[in-house]
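Asks: Predicted model follows, preceded by the sequence.
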2 protein chains.
Amino acid sequence: MKAQIITIGDEILIGQIIDTNSAWLATELNVLGISVDSIFSISDTSEAIQGALNDVPKDVSLVLMTGGLGPTKDDITKYTLAQWFDSEWRVDEKVEQRVKDHFALRAIPMPKVNLDQARVPEKCQVLANMLGTAPGMWFEKEGRIYISMPGVPFEMKHIFSEQAIPKIRTKFKLQNIVHKTILTQGIGESSLMEKITDWEASLVEKNIKLAYLPSPGAVRLRLSSTSDFAKENMQGISDKVNELLPLISDHAFGFERDTLELVVGRLLTKFGYSLSVAESCTGGYISHLITSVPGSSIYFMGSATTYSYEAKTRVLGVNKADLEQVGAVSEIVAMQMAQGVRELYKTDFAVASTGIAGPDGGTPDKPVGTVWIGVSGPLGTYAQRFYMGDKRDRNIRKTALQALQLLRKEIVKTVKISEIDSLFIKE
Amino acid sequence: MKAQIITIGDEILIGQIIDTNSAWLATELNVLGISVDSIFSISDTSEAIQGALNDVPKDVSLVLMTGGLGPTKDDITKYTLAQWFDSEWRVDEKVEQRVKDHFALRAIPMPKVNLDQARVPEKCQVLANMLGTAPGMWFEKEGRIYISMPGVPFEMKHIFSEQAIPKIRTKFKLQNIVHKTILTQGIGESSLMEKITDWEASLVEKNIKLAYLPSPGAVRLRLSSTSDFAKENMQGISDKVNELLPLISDHAFGFERDTLELVVGRLLTKFGYSLSVAESCTGGYISHLITSVPGSSIYFMGSATTYSYEAKTRVLGVNKADLEQVGAVSEIVAMQMAQGVRELYKTDFAVASTGIAGPDGGTPDKPVGTVWIGVSGPLGTYAQRFYMGDKRDRNIRKTALQALQLLRKEIVKTVKISEIDSLFIKE
């Protein structure tokens, strides 16, 4: 089964916004077992919208439209759709009530244009928008489904997940597709591929597909299985995941939508440990990741970013002679930074980064991208060296993920559970 | 003049990557005065590529294709193009040499597939790729130009800027379009609109267009003027910018591709000042922004993220009694944090954030989004309160930008130049 995504709005065509809605919808459709034929971004005009609707490829059964449903006169999608589907109008009372409630709740006077949002084409079924005022709309014509949703990402996602997917499931006999995603860090796509060649070859007989989804510093492995027996599928995938994990236990850190900062936070919370961070080359990015997690104030005490020798010495107690002898980017300094910040904030664990982020500052024996990461905890303190490449932003990102990974492993070691068991710890 | 952008590759259709190339190209095309008719993302198959080429709208004179030019067999764009343009093949010696050099430089053995990249359709003109091995290609057919470029963003951007734009300029008589973008922070689109209504109305007679380009915490104002006299245009825009700046001097911080962290860094470097940062609710994000600028180690000494009362007291010397009496989210604590970190790192300036990032932790008199920002410098120390809304990630981003803006103003005040003059300081 095939779908087409149509995004409507000049803001995409002038490069003002990046179309993230399409990638989100494409992911959701793929999870449902619906493949995306194409994504079409068009102008907010009646001609462009009609043109796109006339040109939908023949074998597409589902058309998802986003954008062009706001209250201002520029948003003409709804009127074009009424015309294209040759539909009269009606006022939807539920939508009307929701629009009124929306403004009442916020104690804002309601502009008249917003009431027009309750006027919908008679031929559509309304997909309720609980997070905004523009309703989603579901049309059917000649066996094909057309869904129109507002462009505001959180409203669109809500309507699609809560309203559209259940209706799509009743309308189409979708294949039973089951997914499982395993998250890895610190290993490139091709090295990962080599490591699991034999295992990957064994997936065929179980009718399981594997996709490598790389991003800087991390690769996701997505297993999918399609059949009429959901339970069997899930069991087949679980078995294969259990075979996979020992092969990649150095790199795996979680499943599905986990992030390293979430996983680390979960472990610290569960075992009642606290954390502090000392940063040099990552410049605050590790702390930023950790504190992007709601509730991180339970375990995160604080951090120090020290960008000079003097700051490292005075704030973190790094030994001045060591700094002068071996330089800031060294094993001993990474260890002293981790120990120092751990004492400063009196925490159970600490992690530290020191390296050459670039583009300048490299030397022949310490090229740009050289990084030492220090870890300190109840079991002791150590540091490890890495090369993260010569692009400043990627370098910072990759170092931060590696630091969180080492920290995760140290916590797991400290609480004496196995690497693999640790992956299954829930919130 | 109209263009269409075609992005080729299944990775977009499965939602694996977000198509940022199109937004970048759309921006560049708009700057050239070329409007984008539509953006079409299609599969990496011969049928899909041919289908898209057959369906290019009649009034489009320029087709930009990205993706599908890598060395593996999946990348069939080049073969499809040769077929569609009814072209024989030739080996391009310059491309061949560049591919060989690419691998020699990196001391990596060259896979045979890469040499195939030197085979190009005879009917194309090669657009040199100095950053990778896949060449760009320029085709002409029935008065329309087709440009095919690799999908790797930095290679694509390089080829488009260095090779394609100069050729496009010689081929088409583009209107002389001149742009100037003014960057503002801390004021919403509609408030900004109200502030400059009269000025905006005066643009019509000068034939200048205005676009509001909003993002969380910042709005860009883009002025464009199209005519046959570039010099006159530029003068007209400059005059209008000079009229605008006094109206928005509380919010303007730079032009074009400036960022607040770049502007602050430029001021600190020029006047020889140093900086430190104390963070609570922003959790390291201010430091991350500052250190994302290459060369920031010249002026940035360090930061402390303090997430608990104890850390604020011990590391930054915040008064314990004040914390207990008025709480961490208060004027006095923001000031003490700024002073404390300034003393800790012995810097000329310091900025501090303390607030409730959410989603939890709000109280009736201090709801989620309440933030105090403290600034300390040679002229003294003060703090100011803001409300940043209830979304954690936006809240952190908006607070960081506001902190950098207050810091920028404090530096400008200290060096005794006018707000408006400060905007024109160059690196």
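Replies: Yep, that arrived.
Asks: all helices of the stretch 251-400 of chain A, in order?
Replies: Ranges of helices in the stretch 251-400 of chain A, per DSSP state H, counting those that start in this stretch, are A:260-271, A:285-291, A:309-316, A:320-326, A:331-345, A:392-414.
Asks: Get me the contact residues on the stretch 101-250 of chain A for chain B.
Replies: A:211, A:213 (CB under 8 Å from any CB of the partner chain). Placement of C-beta: from N, CA and C, glycine included.
Asks: does the residue in the stretch 101-250 of chain A positioned nearest to chain B sit in a helix, a strand or a coil?
Replies: Closest approach between the stretch 101-250 of chain A and chain B, counting by CB to the nearest CB: residue A:213, at 5.3 Å. Three-state call for residue A:213 (DSSP: H, G, I helix; E, B strand; the rest coil): strand.
Asks: Out of the helices of the stretch 251-400 of chain A, indicate the one that is most buried.
Replies: helix A:285-291 (a mean of 29; mean count of other CB atoms under 10 Å in any protein chain shown).
Asks: circling back to that earlier point, and the gap between the closest residue to the residue of the stretch 101-250 of chain A closest to chain B other than its chain neighbours and residue A:383?
Replies: Closest residue to residue A:213 apart from its sequence neighbours, by CB to CB, 6 or more residues apart in numbering or on different chains: residue A:220 at 4.1 Å. Between residue A:220 and residue A:383 the distance is 28 Å, computed by CB to CB, to the nearest Å.
Asks: ok, the two, which is more surrounded?
Replies: residue A:383 (21 against 18; other CB atoms under 10 Å in any protein chain shown).
Asks: Any regions of chain A where pLDDT drops low?
Replies: A:71-74, A:228-230 (pLDDT under 70).
Asks: repeat that for 80
Replies: A:16, A:70-75, A:102, A:105-114, A:175-177, A:190, A:213-214, A:226-233, A:427 (pLDDT under 80).
Asks: quick check: domain ranges of it?
Replies: The record's domain parsing of chain A by automatic domain parsing lists A:2-171, A:176-255, A:260-422.
Asks: Quote the end-to-end distance of the second one.
Replies: Read that as domain A:176-255. One end of domain A:176-255 sits 20 Å from the other (CA to CA, to the nearest Å).
Asks: quick one: the residue of chain A positioned farthest from its centre from residue A:334, how far?
Replies: Most distant from the centre of chain A: residue A:321, at 43.6 Å, with distances by CA atoms, centre = their mean. Distance of residue A:321 to residue A:334, given as CB to CB: 16 Å.
Asks: show me the contacts for residue A:100.
Replies: Neighbouring residues of residue A:100 by CB atoms under 8 Å, 6 or more residues apart in numbering or on different chains: residue A:110.
Asks: Now do the buried residues in the strand or helix carrying it.
Replies: Assigned by DSSP states H and E, residue A:100 belongs to helix A:93-106. Taking 16 or more other CB atoms under 10 Å in any protein chain shown as the neighbour-count basis, helix A:93-106 is seen to contain the buried residues A:95, A:98, A:99, A:102.
Asks: Redo these as a markdown table? Include distance to residue A:409.
Replies: Putting those into a markdown table (distance: CB to CB, whole Å) gives the following:
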| residue | distance to residue A:409 |
| --- | --- |
| A:95 | 52 |
| A:98 | 49 |
| A:99 | 52 |
| A:102 | 48 |
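Asks: And the furthest pair within the residues you listed?
Replies: A:95 and A:102 (10.3 Å; CB to CB).
Asks: related to what we said a few turns ago, return the most buried member of the domains of chain A.
Replies: domain A:260-422 (a mean of 21).
Asks: how about it against chain B, any contact?
Replies: Yes. Counting by CB under 8 Å from any CB, chain B has neighbours in domain A:260-422: A:277, A:279, A:282-288, A:290-292, A:294-297, A:300-308, A:310-311, A:314-315, A:344-346, A:357-361, A:392-393, A:396.
Asks: any idea how far residue A:420 lies from chain B?
Replies: Note on residue A:420: its distance to chain B, by CB to the nearest CB, to the nearest Å, is 27 Å.
Asks: correct me, but that residue touches residue A:247?
Replies: No. Using CB atoms under 8 Å, residue A:420 makes no contact with residue A:247, being 10.8 Å away.
Asks: Using the three-state scheme, assign residue A:223.
Replies: strand.
Asks: Show me what it is bridged to.
Replies: residue A:180, residue A:210 (DSSP bridges).
Asks: what's near enough to touch it?
Replies: A:179, A:180, A:181, A:182, A:203, A:208, A:209, A:210, A:237, A:240, A:241.
Asks: dump the residue contacts of the fifth one.
Replies: The contact partners of residue A:203, by CB under 8 Å, 6+ apart, come to A:209, A:210, A:223, A:240.
Asks: right, and out of those, which lies closest to residue B:65?
Replies: Closest to residue B:65, out of all of those and judged by CB to CB, is residue A:209, at 28.3 Å.
Asks: I appreciate the help and will end here.
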